[in-house]
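Engineer: what's the 3D shape of this:
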Amino acid sequence: MTAFPQHVGVLGGGRMGAGIAHAFLIKGATVVVVERDGDAAAGARTRVADAVAKSAARGVLDGAPEDVLARFSTSTDYSAFAGCGLVVEAVPEDFELKVSALKAVEEQLPPEAFLASNTSSLSVTDLAAQLQRPANFVGLHFFNPVPASTLVEVVVAKETSPELAAEAKGWTEALGKTAVVVNDAPGFASSRLGVAIALEAMRMVEEGVASAEDIDAAMVLGYKHPTGPLKTTDIVGLDVRLGIAEYLHSTLGERFAPPQILRDKVARGELGRKTGKGFFDWDE
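Structural biologist: Predicted structure coming up:
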């Protein structure tokens, strides 16, 4: 097991970014989240504080919540990353946006610091090619919800140093999670397989084969999936699934063409749990 850097930064404090910040924070790191404006930073702080409180309630927090949160801060200035040994980028799944964000972060880091992306499908090799120090860059694909998930996909780009690939696996284990190490390829291992199953489930709903409830029940009861592919899509976000499917369609061909039912739901704003409706209705 390899200890992660003591000072960790996270760019983007949405559901995923806040979850990543929480993961490092409760294991002893000093964490800063940088957001685009004050309101977004306040939202990130609330999400991390809520997650810390839930960890305390479950009895898995080492120390009082206020002591843990004393090691957490937010900022709207990229210079807050200057003392970090590792920064994890968690901005929306858009290549140009990620490149711009990663370059801005890299300018703030010392040469020996590491940079990672939480991308769930984009080419880590292509992202690394835009950076000054590609050997110090790796994919760290956390899963939603981060506190409950025990998996992190470590995605190794062509220029990632072997030492960083090994360290990233050790960091994951230090977080109490299991690392799956994957060489960079479209959709990596998890998104490629997960999206393939989800798209076929959507086509089955579209063709009237069965209801969303029954399709999910078949996978949960018949194949022991913890949740069905359509409920998982609701949790991930239909817009996120569509973005990944479009990327995989462009790189791997027609088998990943997004079904019309997915496009229609996204156009109507039915994005899953976060909007209260997707393939299922959500009351929370």
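Engineer: specify the beta-bridge partners of Ser75.
Structural biologist: Beta bridges link Ser75 to Val34, judged by DSSP bridges.
Engineer: how far away is it from Leu221?
Structural biologist: Note on Ser75: its distance to Leu221, by CB to CB, to the nearest Å, is 47 Å. Any C-beta I mention is one placed from the backbone N, CA and C, and that applies to glycine too.
Engineer: out of the two, which sits in the more crowded spot?
Structural biologist: Ser75 (14 against 10; other CB atoms under 10 Å).
Engineer: wait, isn't the more buried one in contact with Ala40?
Structural biologist: No - in this structure Ser75 lies outside contact range of Ala40 using CB atoms under 8 Å: 11.0 Å.
Engineer: common neighbours of those two, please.
Structural biologist: Here Ser75 and Ala40 share no contacting residue, scored by CB atoms under 8 Å, 6 or more residues apart in numbering.
Engineer: just the strands from this structure, written as ranges.
Structural biologist: Along the chain, the segments classed as strands by DSSP state E run 7-11, 30-34, 72-75, 86-89, 114-117, 137-142, 151-156, 178-183.
Engineer: got a markdown table for those strands, with mean pLDDT too?
Structural biologist: A markdown table is the format used below for the strands of the chain (pLDDT from 0 to 100):
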| stretch | mean pLDDT |
| --- | --- |
| strand 7-11 | 98 |
| strand 30-34 | 98 |
| strand 72-75 | 98 |
| strand 86-89 | 98 |
| strand 114-117 | 98 |
| strand 137-142 | 97 |
| strand 151-156 | 96 |
| strand 178-183 | 96 |
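Engineer: format those strands as JSON lines; extra columns: distance to Asp126.
Structural biologist: What follows is those, written out as JSON lines (distance: least, CB to CB, whole Å):
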{"stretch": "strand 7-11", "distance to Asp126": "18"}
{"stretch": "strand 30-34", "distance to Asp126": "23"}
{"stretch": "strand 72-75", "distance to Asp126": "28"}
{"stretch": "strand 86-89", "distance to Asp126": "14"}
{"stretch": "strand 114-117", "distance to Asp126": "11"}
{"stretch": "strand 137-142", "distance to Asp126": "11"}
{"stretch": "strand 151-156", "distance to Asp126": "12"}
{"stretch": "strand 178-183", "distance to Asp126": "14"}
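Engineer: for Gly170, grab the count of nearby residues.
Structural biologist: Using other CB under 10 Å, Gly170 has 15 other residues around it.
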